[in-house]
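[1] Got a sequence here, can you model it:
(2 chains)
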Amino acid sequence: MRRFLWGLALMVASVAAEKPKVPPLHHLVDIRVPDSMQVDPALPLPADRKLTCPVCHGIKDIDKKDFDKVDKDDPNFLRGGPYRDLTRFCFRCHDQESHQRPNIHAMLDDKGGIRKDHCLYCHEKAPERDRRYRLEEVKLRAPPDKLCWGCHLKTPHLNALEHQVKPSKKVKKQRKTFLRDHPEAILPLTSDGRVTCITCHTPHPPGVIRKDLPAAHQVAGAKVEKGPVYGDSPWEKTLAEDKGARLAELSRKYGRPLTFRYRQIRKEALLRLPAKDGQLCGACHVFDQ
Amino acid sequence: MRLVLLMLLLCWLGGQAAETAREKRWWEKREARKPDIYFPHNVHMAVMKQEGDMCMLCHSFQKTDEKDLKLLKDLSAVVNEPLKAVCHDCHVVERRAPWRCELCHPDKTRIWPADHNFGYVQHHATAARRDENACRECHLELSFCTDCHFRREISGTGYHPLGYLTLHGMEARTMPANCGRCHNNFYCDNCHRRRR
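    Numbers count the residues shown, from 1 in each chain, chains lettered A, B, ... in the order given. Below is the predicted model of the structure:
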């Protein structure tokens, strides 16, 4: 029995020594980087091209430290950091172009035909352009309110979080009035009545859904391949002054610099109604004064 | 019947409790803060449209890759709530919009400095002489001063003591610079020229 326990202890110790605890979804280590891969020269890849902890991490003896005790906010946690977007670090070795996700909202090819492979990211089967479907017939791979989160953050823009709620009675009433007066448009809610991404955004660019259907109603502004276009605003300086002290206070509270820059929206894309002139907001928000 | 009524009452109370327990949104919290302002949204719609910036100027929808929801909530409160700099840009600095303070600040006691609370009218002279620009931050119109200081009242309730109209000639000759601080030649001429 004693010999068995010793053996077990030695085995655990040797495994622990060989494989430091790393978080789930950690990049593989102890592998040889292929010769075909261009590694950023700033990363200290050894001559044998073996990927070890110090290649990516700048913290000394990181492999000997308990994972939970490693300071992930250290700018050198990932060399050349801090990185707000982790993929920027990945692209120091991996080719950005070939690893980027396609813009599946660009659903039309050069001849105006539908790129069915893009439909299949969200639909089980690509719907036909000229047919009128009910929502349950278009066979989505996930509930419509969760589908967007497969690629986008739950809060990809400011005020997204504040909007993902069940609307108040006043908002519901205004939305109902607006949709009655504008039968050409839709502002869909989730099955339990919450506002979600597709309430304001449409995933399909113009030309994918039959023009006479409310689901096709949207702003025709920016090209969907490029996304919305922003420009400078004469208000930038004033807004910076307005937010300055409060942002500094928040930065102190959260221990990292928080910034805000106002950019005026020039061209919109994939919005059910224009937002830059307040139409979209006005569909639900109305004021007594 | 009683049971049904009791159930309905409990449901209603439950709903009320849930409403009370709900965390207040940023615009509900500002009610409790000082100073608060009166902002009629509808009045601003046409002007904002003309300026090329609508709702999103004050209630930003800028792209963010922030994932910390608590931070996002705090950040949203900041970006959603325009303060002095934004409002004053039109209403005070450029005066493209009406600049009467009480238009947006119905209760001026919420925004004025603490020293204005007690008898400041009688004791404002020192501060006004020390830093006139500080006064002008709020009192945009010169008439705010001149309404009192240029008031020609012989009853003596104005800036000068009772009967000063009769006695002012002495001081005007000995210390003309004192008069010149508020009055110009036209002011004197209005009466004296008629008599010449």
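
[2] what ranges of chain B fall below the confidence cut-off?
    For chain B, the stretches with pLDDT under 70 are B:1, B:11, B:14-35, B:151-158, B:194-196.

[3] do the same with chain A
    For chain A (pLDDT under 70), the answer is A:1-21.

[4] By residue count, tell me the biggest helix in chain A.
    Ranked by number of residues, the top helix in chain A under DSSP state H is helix A:236-254.

[5] From the contact counts, what lies against that helix?
    Helix A:236-254 sits against helix B:69-80, helix B:84-88, with contacts defined as 3 or more CB pairs under 8 Å, 6 or more residues apart in numbering or on different chains; DSSP states H and E. Every residue, glycine included, has its C-beta placed from N, CA and C.

[6] Throw these into JSON lines and include distance to A:Glu97 and mean neighbour count, thanks.
    Shown next, in JSON lines, are those (distance: least, CB to CB, whole Å; neighbours: other CB atoms under 10 Å in any protein chain shown):
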{"stretch": "helix B:69-80", "distance to A:Glu97": "31", "mean neighbour count": "17"}
{"stretch": "helix B:84-88", "distance to A:Glu97": "41", "mean neighbour count": "17"}
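
[7] Report whether whichever helix or strand comes after the longest helix of chain A contacts chain B.
    Per DSSP states H and E, the first helix or strand lying C-terminal to helix A:236-254 is strand A:264-267. Yes. Contact of strand A:264-267 with chain B (CB under 8 Å from any CB of the partner chain) involves A:264-265.

[8] Helices of chain A, start to end?
    Using DSSP H, helices in chain A cover A:2-18, A:53-56, A:86-90, A:96-99, A:116-119, A:144-147, A:160-163, A:169-181, A:197-200, A:236-254, A:279-282.

[9] swap in chain B?
    Going by DSSP H, chain B shows helices at B:2-21, B:26-29, B:41-51, B:55-58, B:69-80, B:84-88, B:101-104, B:120-130, B:132-136, B:143-149, B:164-174, B:176-180, B:185-195.

[10] Which residues are in contact with the residue nearest the centre of chain B?
    Chain B has B:Cys101 as the residue nearest its centroid, 3.8 Å off, counting by CA atoms, centre = their mean. Listed by CB atoms under 8 Å, 6 or more residues apart in numbering or on different chains, the contact set of B:Cys101 reads B:108, B:111, B:138.

[11] Just give me the neighbour total for the second one.
    Applying the criterion other CB atoms under 10 Å in any protein chain shown, we find 16 residues in the vicinity of B:Ile111.

[12] Spell out which parts of chain A neighbour chain B.
    Contact residues, chain A versus chain B (CB under 8 Å from any CB): A:84-85, A:153, A:155-162, A:233, A:235, A:238-239, A:241-243, A:246-247, A:250, A:253-254, A:258, A:260-265, A:275-278, A:281, A:285, A:287, A:289.

[13] rerun at 6 Å
    A:84-85, A:155, A:157-159, A:161-162, A:238, A:241-243, A:246, A:250, A:254, A:260, A:277-278, A:281, A:287, A:289 (CB under 6 Å from any CB of the partner chain).

[14] could you flag which of those are buried?
    Neighbour counting by 16 or more other CB atoms under 10 Å in any protein chain shown classes A:155, A:158-159, A:161-162, A:238, A:242-243, A:246, A:250, A:260, A:277-278, A:281 among these as buried.

[15] Return the longest helix of chain A as CSV; C-alpha atoms alone will do.
    The C-alpha atoms that make up helix A:236-254 are tabulated as CSV, following Å, rounded to 0.1, in the frame of the first residue of the first chain:
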residue,chain,number,x,y,z
GLU,A,236,-15.8,66.4,-29.8
LYS,A,237,-13.9,68.9,-27.8
THR,A,238,-17.0,70.0,-25.8
LEU,A,239,-17.9,66.4,-25.1
ALA,A,240,-14.4,65.6,-24.0
GLU,A,241,-14.6,68.4,-21.5
ASP,A,242,-18.0,67.3,-20.4
LYS,A,243,-16.9,63.7,-19.7
GLY,A,244,-13.3,64.4,-18.6
ALA,A,245,-13.6,64.5,-14.9
ARG,A,246,-16.1,61.7,-14.6
LEU,A,247,-14.0,59.4,-16.9
ALA,A,248,-10.9,60.1,-14.8
GLU,A,249,-12.9,59.1,-11.7
LEU,A,250,-14.0,55.9,-13.4
SER,A,251,-10.5,55.2,-14.6
ARG,A,252,-9.3,55.5,-11.0
LYS,A,253,-12.1,53.2,-9.8
TYR,A,254,-11.4,50.5,-12.3
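
[16] Taking helix B:69-80 as reference, get the angle to it.
    In terms of direction (axes from the mean of the first three to the mean of the last three CA atoms, to 10 degrees), helix A:236-254 departs from helix B:69-80 by 150 degrees.

[17] who touches helix A:236-254?
    Helix A:236-254 has contacts (CB atoms under 6 Å, 6 or more residues apart in numbering or on different chains) with A:257-258, A:260, A:262, B:71, B:74, B:78, B:82-83, B:85-86, B:89.

[18] Please name the spatially closest residue to B:Pro82 (chain neighbours excluded).
    Of all residues not flanking B:Pro82 in the chain, B:Cys58 sits nearest, at 4.5 Å (CB to CB, 6 or more residues apart in numbering or on different chains).

[19] quick revisit: ok, which of the helices of chain A comes nearest A:Val33?
    A:Val33 lies closest, by CB to CB, to one member of those: helix A:53-56, at 8.4 Å.

[20] contacts for that closest one?
    With contact meaning CB under 6 Å, 6+ apart, helix A:53-56 is reached by A:43, A:45, A:62-63, A:78.

[21] Tell me the one of the residues you listed nearest chain B?
    Nearest to chain B, judged by CB to the nearest CB, of the contacts of helix A:53-56 is A:Leu78 at 15.9 Å.

[22] Surely the closest one and A:Cys90 touch.
    No. Counting by CB atoms under 6 Å, A:Leu78 does not reach A:Cys90; the two are 9.8 Å apart.

[23] Name the residue in those two with the higher neighbour count.
    Using other CB under 10 Å as the criterion, A:Leu78 and A:Cys90 rank with A:Leu78 on top: 20 against 15.

[24] dump the residue contacts of that one.
    A:Leu78 sits next to A:56, A:89 when contact means CB under 6 Å, 6+ apart.

[25] make it 8 Å
    A:56-58, A:86, A:89.

[26] Same question for B:His91.
    Contact partners of B:His91, counting by CB under 8 Å, 6+ apart, are B:97-99, B:103-104.

[27] Nice, that's everything, thank you.
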